[in-house]
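Asks: Got a sequence here, can you model it:
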Amino acid sequence: MLKSKTFVKKTRAGGVLKIVREHYLRDDIWCGSEVCKECKDEAPVLQEDACIESNLCAYPHYLIPDTNVVLHQIDILEDPIIRNVIILQTVMQEHHRETFIEREQGESANDRNDRAIRVAAKWYTDHLAKETNGGSLKVVLLTDDRANKEKAEQHGLIVYRCEEYIKSLIGNPELVDRLALQSDERNEITGSKLLFPEHLPLSRIQSGIKNRVFLQGTFHASRDNYLEGTVYINREGEDINEVLLQGLQNLNRAVNQDVVAVELFPKERWVAPSSVVLQDDSPNDEDAEEDETEKKLKSEPLESSILKPTGRVVGIIKRNWRPYCGMLSQSIIKEATRHLFTPADRRIPRIRIETRQAANLVGQRIMVAIDGWPKNSRYPNGHFVKNLGTAGDKETETEVLLLEHDVPHQPFSQAVLSFLPKMPWSITEEDVKVRADLRHLCVCSVDPPGCTDIDDALHCRDLPNGNLEVGVHIADVSHFIRPGNALDQEAASRGTTVYLCGKRIDMVPELLSSNLCSLRSNVERLAFSCIWEMNHNAEIIKTHFTKSIINSKASLTYAEAQMRIDDTTMNDDITKSLRGLNKLAKILKGQRIEKGALTLSSPEVRFHMDSETHDPIDLQTKELKETNSMVEEFMLLANISVAQKIYDDFSECALLRKHPSPPPSNYDILIKAAKSRDFSIHTDSAKALADSLNDATIKNFPYFNTLLRILATRCMMQAVYFCSGMDSDFHHYGLASPIYTHFTSPIRRYSDIIVHRLLAVAINADSTYPDLMDKHKQSALCNNLNYRHKMAQYAQRASVAFHTQLFFKNKGIINEEGFILFVRKNAIIILIPKFGLEGTVFFENKDKPSPHLSFDSEGPTLKVEEHTFHIFDKVKVTISLDASNIQHQRIRMALTEPVIPGVSVPAPESEPEAKKPKLDR
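Replies: Residues are numbered from 1 along each chain as shown. Model prediction:
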C-alpha cells in the first residue's frame, strides 16, 4: 500500500518547489508469536506459554513497554525473568499497514508516539484474540505516563505502571530493587532543604557559552579530595584550559566525566589546589553539614603563583553516568530500606539506593546505576543493578576491575563467530598463487614462556652477494577479518587484547588468536612479510613487502633462544639465523641510541602461580635477556619501514603513532633528584637526556641509574595513535624516530590490522574501502584505540596490584630493603626493587602523636625528628596487607631502618622457611 504526502516549499531564490513524499506500508510484517498461524514466521520468539506469576496478571501475557519504560527501566527488561517482551520499533509503527498513524494537527511528537504505541498494543490484542479464539493470552502495556495510561484504559487495553507490575510479581523481590526512580519519586526520599543551586536550563547555558559568559568542559573529580575537581575546557582558542572547583556548592552535583558549563570567578576569588586528603567516609547517610570539612580546604596559606582559575558549575550539558561497582554501606537504622552505596572508584560520590536485601548484600561487590541527583539531596539517587559476588574473591575482583576500566569482556556473539573460517581450515591453491612462498626459509619465533598468540617470526640468511637477508613475518590477521563485518566491528571496539595476571581478554576469538593466526612451529601459516637486504653494518640496501606463506621451524622462549646463541657447540640453521639476527640487532640498537633513543626503566613484576589454586606464591621483577632486545630491534625497524611506506602512499590517511616530547616542567622532579647526588640532567633534546642518564652512575650504588631511569619514565608523555592527515607533528620522542606506526602485533592490536590493510593496498595485495581513506573516520578510530589502550594499561596495573595484595596476604609481615623515590611533606614513597613494588611510609598517624617534621621543597628533603631523608636513600621497611577497608585494601609499609625512636618499628623476627610449594612456570 502506498501513501503519499505533497507539500510546497519556498526556495532561497524565491521560487516554489513541489515536494512529494511516498511512504510504502507493508502487510507482511510478522507478529513473532508461536500461537499465530496467520503470520508466516519461521522463527517465532514470543512463547505460547507466556506465564509469569503475578498478583495482577494471573493469565499468560506479553508485555509492551512504552518508550520511557525502555529508556529508564532497561535493567528490569534485561533480567532473564522478564520474557515475552515486545519492543515496538519503527518498522511496526511506521511501516505496518494496520498500525501506521499520521501525526494530527497540534499533536506533539511525544503524544503521537504514545498514540502509536496504543494503536500497536490494540492491534496485538485483537490479532492474538483472533488467533486464539478469544483465548487467555493477553497483551499488557507498561507506561509511567499518567495521560497515556488513562487513554489506554479508555480503549479497553490492559495497562499498568512499571513499578505496579514489577511489585506484583511473586517470588522475585530483587527485581523491585532494580527499578529506576522516576522524577516525581526522587524527591520523596530527599529532604526539603535546598543543598545545591538550581541548574540553568540548556537554552541559557548555550547562549552563555556562545557569549563567553560560561565555559564548556569535562569534569574530572579528584581521587584524593571529594570536595575538589577540575573542568578541562574543550574549546580551542580559550585562554583558560582548566578551571578548579572547590566545595560541594561549586561542584554542584557534577559527576566524574560529565560535560558541564562553568562560570569563572573573578581573579580575587581564585584559589590553589588543596594538598589535604579528604575521603567522604561519614558513617551515615544524613545530609550533614559540610562547613567544617570545607574550612580545611581554605585554611592553607596561598601564594599567588600557584593560584588556579576557579569557578562553579552552573549546569550539566551531558551526563556520562555508567553503572558503578562498589559495596553497600548498610544503614544503622534497623529494618531500613534506604542505604548508601560506596563506589570502588573514589572519584564517584556515594549513591543512595533503596533495597530490601541489604543483609544479603553486605560484603558483596554490587553494581549500581544513578537515576538522578535532586538539588535537595546530599547524594545522587540510584538503583541496584546486580550482585557481582563476594568482595576479595579473585573472580569477583577481576570482574570488577574489567567493568571499572570499561574493558569489553563478554563472550563473542554468534554474529561475530559466524565470520570465522570454517574448520578444518587449510591454505588454498588461490592463496599459493597470490603469495610469496617462503615455507623453505628457516623462520622461527621468540616469545615469553606460555605465549599462544604468536604475532611475529624472524629469519636471517646469507645472500650470494655477501649481504644478509632479514625477514620479519607477521600474522596476516587482515586476511581473516574483512572490513565492516561483525568480527571487524567487535575487534575495532575492543581495540586491544588485555593481559591480566593469569587471564587474557582477547581482541579476536581464540580460533584466530591462538590457532589460525598464531605463527606456531611446524604448521603452514599466512603472513605479511617485511624483508630487507642489509650489509654487515646493518645498513638497509633494499626493502620489500609481500603477503606470504611461512612454516616456522621453531617456537622458542627468550631463554631458549639465548641458550642457543651462547652454546658454541650448536651450529644448526636456526641457531645460525639467531646469531645473525642478534649481531645485527646490537648494531641497530647502537645506531638508535646514537640518534638519541631513550632506554628507560619501569619495575615490571612476574608472578609465579600455584598450579592448583592459581594464587601467587612468588613475585619477582622480570629479567630481560639479550634476545628480548633482539626481537624488539627488528619489530621497531619493521614498524618504521612500514610507517614510511604507508605515509608515502597515503599521506592523508596513514595510521601512525607518535610520542610527544614532554614540556620542560615535567622534568623538574628528575632534575632535582639527580642534583641531590651532584649530577646534571640536560633535557633540551632526547639525545641530551639519554647522554645525561648514561653518565649518571655511582660506583658502589649500581641501582642508582635504574632509579633515575624509573623517574625519567614518569616524566614522559603518553604515546598516541593519530591520522597523518589530521596532524603535523609525527615525531616519536622515545625512539628518536621521525615516523612510527604499529604493524607487528595484529592479533592483539586493532591499529596493526588497519596498518596491514593500508600496506596491502599500497602493494596491490588487497582492495581499499571508503572508511580506510576517510581521515575523519580514521581519526575517530584513533581516539577509541587510544582510550582502549589507556584503559588496558590501567586494568593491567590494577590486576598486578590485586595479585600483589593476594601475595602479601599469604605472607604476613616481611622485612625488605628499598629506596626512596619521592619525598613528600609528611611521607616518603619507597620502591622495593625485589618486588617492583611502590608504597608510602606516613609519618603522621591518627592513633599516635606526630613526630617533629620539617620539609624542604628545594632538596626535596624531609627531616623527621633528627633524621633527614633524601631521594634515593636506602631504607628498610616492613611490608604487610592492610585489609581494614575491604573495598580499598592496600599495602602498608612501616620504617625499620634507620631507627628513629617513636617512629620506626622493630623488624619482624624471621620465621623458619616453610616447605616451598611447587611453581607453575
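Asks: what residue is smack in the middle of the chain?
Replies: M791 (2.9 Å; CA atoms, centre = their mean).
Asks: show me the contacts for it.
Replies: H405, D406, V407 (CB atoms under 8 Å, 6 or more residues apart in numbering). C-beta coordinates here come from the backbone N, C-alpha and C atoms, glycine included.
Asks: Separate out the buried members of those.
Replies: H405, V407 (16 or more other CB atoms under 10 Å).
Asks: and of the contacts of M791, the nearest to N252?
Replies: Closest approach to N252 among the contacts of M791 (CB to CB): D406, at 25.8 Å.
Asks: coming back round to it: just to be sure, the residue nearest to the centre of the chain is in a strand?
Replies: No. Going by DSSP: H, G, I helix; E, B strand; the rest coil, the assignment for M791 is helix, not a strand.
Asks: before we move on, back to that, out of the contacts of M791, which is nearest to F384?
Replies: Taking the contacts of M791 together and measuring to F384 by CB to CB, the closest member is D406, at 20.6 Å.
Asks: quick one: R352 and H339 touch, right?
Replies: Yes. Using CB atoms under 8 Å, R352 is in contact with H339, at 7.4 Å.
Asks: Any stretches of the stretch 151-300 of the chain with poor pLDDT?
Replies: 182-192, 236-238, 275-300 (pLDDT under 70).
Asks: Strands of that one, residue ranges please.
Replies: 158-160, 214-221, 228-233, 242-246, 259-264 (DSSP state E, counting those that start in this stretch).
Asks: The stretch 701-850 of the chain now?
Replies: According to DSSP E, counting those that start in this stretch, the strands that the stretch 701-850 of the chain contains are 720-723, 814-823, 827-832, 837-842.
Asks: Dump the ones you listed into CSV; add mean pLDDT, mean neighbour count and distance to K777 as well.
Replies: Formatted as CSV, the strands of the stretch 701-850 of the chain follow (pLDDT from 0 to 100; neighbours: other CB atoms under 10 Å; distance: least, CB to CB, whole Å):
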stretch, mean pLDDT, mean neighbour count, distance to K777
strand 720-723, 95, 21, 9
strand 814-823, 87, 19, 43
strand 827-832, 86, 21, 43
strand 837-842, 83, 18, 40
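Asks: For the closest residue to Q257 other than its chain neighbours, give me its contacts.
Replies: Using CB to CB, 6 or more residues apart in numbering and skipping the chain neighbours, the partner closest in space to Q257 is N320 (4.1 Å). By CB under 8 Å, 6+ apart, the contact set of N320 is V255, Q257, D258, V259.
Asks: next one: E844
Replies: Per CB under 8 Å, 6+ apart, neighbours of E844: N826, A827, S850, L853.
Asks: Give me the phi and psi angles of the residue nearest to the third one when sequence neighbours are not counted.
Replies: In space, S850 comes closest to E844 once its chain neighbours are excluded; the distance is 4.7 Å by CB to CB, 6+ apart. Per-residue torsions, E844: phi -120, psi 130 (degrees, to the nearest 10).
Asks: Quick check: the gap between E844 and R223.
Replies: Separation of E844 from R223 (CB to CB, to the nearest Å): 19 Å.
Asks: ok, now R319?
Replies: For R319, the distance to R223 - CB to CB - is 20 Å.
Asks: Out of the contacts of E844, which is nearest to T878?
Replies: Among the contacts of E844, and counting by CB to CB, the member closest to T878 is A827, at 15.7 Å.
Asks: do you know how far that closest one is from P860?
Replies: 12 Å.
Asks: Pipe the contacts of M791 into CSV and attach pLDDT and secondary structure per row.
Replies: Conversion of the contacts of M791 to CSV gives the following (pLDDT from 0 to 100; DSSP: H, G, I helix; E, B strand; the rest coil):
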residue, pLDDT, secondary structure
H405, 92, coil
D406, 90, coil
V407, 94, coil
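Asks: Could I get the full set of helices for the stretch 651-800 of the chain?
Replies: Taking DSSP state H, counting those that start in this stretch as the criterion, the stretch 651-800 of the chain carries its helices at 668-675, 686-695, 703-715, 750-762, 775-809.
Asks: before we move on, what about the stretch 101-250 of the chain?
Replies: Under DSSP H, counting those that start in this stretch, the stretch 101-250 of the chain gives helices at 109-131, 146-154, 162-168, 173-177, 183-186, 202-210, 248-251.
Asks: Residues in contact with the third one: which ones?
Replies: This means helix 162-168. Residues contacting helix 162-168 (CB under 8 Å, 6+ apart): 54-57, 63, 65, 69, 73, 76, 140, 142-144, 160, 175-176, 179, 182.
Asks: Return the subset of those residues lying in strands.
Replies: L63, P65, V140, L142, Y160 (DSSP state E).
Asks: and those residues, which are buried?
Replies: Counted by 16+ other CB under 10 Å, the ones in strands among the contacts of helix 162-168 give L63, P65, V140, L142, Y160 as buried.
Asks: Select from the contacts of N320 the one having the most neighbours.
Replies: V255 (23 neighbours; other CB atoms under 10 Å).
Asks: Can you pull out the low-pLDDT segments for the stretch 701-850 of the chain?
Replies: Ranges of the stretch 701-850 of the chain meeting pLDDT under 70: 846-847.
Asks: at 90 what do you get?
Replies: Within the stretch 701-850 of the chain, the set of residues satisfying pLDDT under 90 comprises 701-718, 727-729, 733-734, 736, 797-817, 820-850.
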